[in-house]
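Engineer: turn this into a structure:
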Amino acid sequence: MLFFMTLAIANGLCIGGSRSLNGKLAQHDGALAASFWNHLGGFLFLSLLLAGGAATLRLPLDAPLTAWCGGVIGALFVALNGFALPRLGTMKTALLVIAGQMLSGVLIDRLAGGLYLSKRGPAKPAAEVSASS
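Structural biologist: Residues are numbered from 1 along each chain as shown. This next block holds a predicted model:
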């Protein structure tokens, strides 16, 4: 469990650095251009990993249509972040993004009716967890 917690913290550090770099790029070229360059760089990096044999590439034709929305949402996230960060600053933007992530987590777990991505099932309120213990 500690390994995965460390991975999550490392991911947060990467996201914070990426936000700052994309915000700086957005100041020069605009939010949409920053999003484009961010995703092109990511595509090239992943292409190198795939070419080096780090993973296999197969088209997930059995994935539901909603799963394909992740790329669109990711591009929108980078563009919106590139627009907001230069105006709000890194810390305020990061805190507001985290607040949005927490809200979306609650909405997905509670309202999406079965869209539980965790193998552990839906999140339970603290009161429900302590009552069942």
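
Engineer: tell me where this structure has helices.
Structural biologist: Using DSSP state H, the helices assigned to the chain run over residues 2-29, 31-51, 69-88, 90-111, 126-132.

Engineer: relative to helix 69-88, how tilted is the longest one?
Structural biologist: The one in question is helix 2-29. Angle of helix 2-29 versus helix 69-88, following axes from the mean of the first three to the mean of the last three CA atoms, to 10 degrees, is 60 degrees.

Engineer: can you mark which positions in helix 2-29 are buried?
Structural biologist: R19, S20, L21, N22, G23, L25, A26 (16 or more other CB atoms under 10 Å). (Each C-beta comes from the backbone N, C-alpha and C, glycine too.)

Engineer: what residues does the most centrally placed residue in the chain make contact with?
Structural biologist: Centroid-nearest residue in the chain: G74, 6.7 Å away (criterion: CA atoms, centre = their mean). For G74, the contact set (CB atoms under 8 Å, 6 or more residues apart in numbering) comprises H39.
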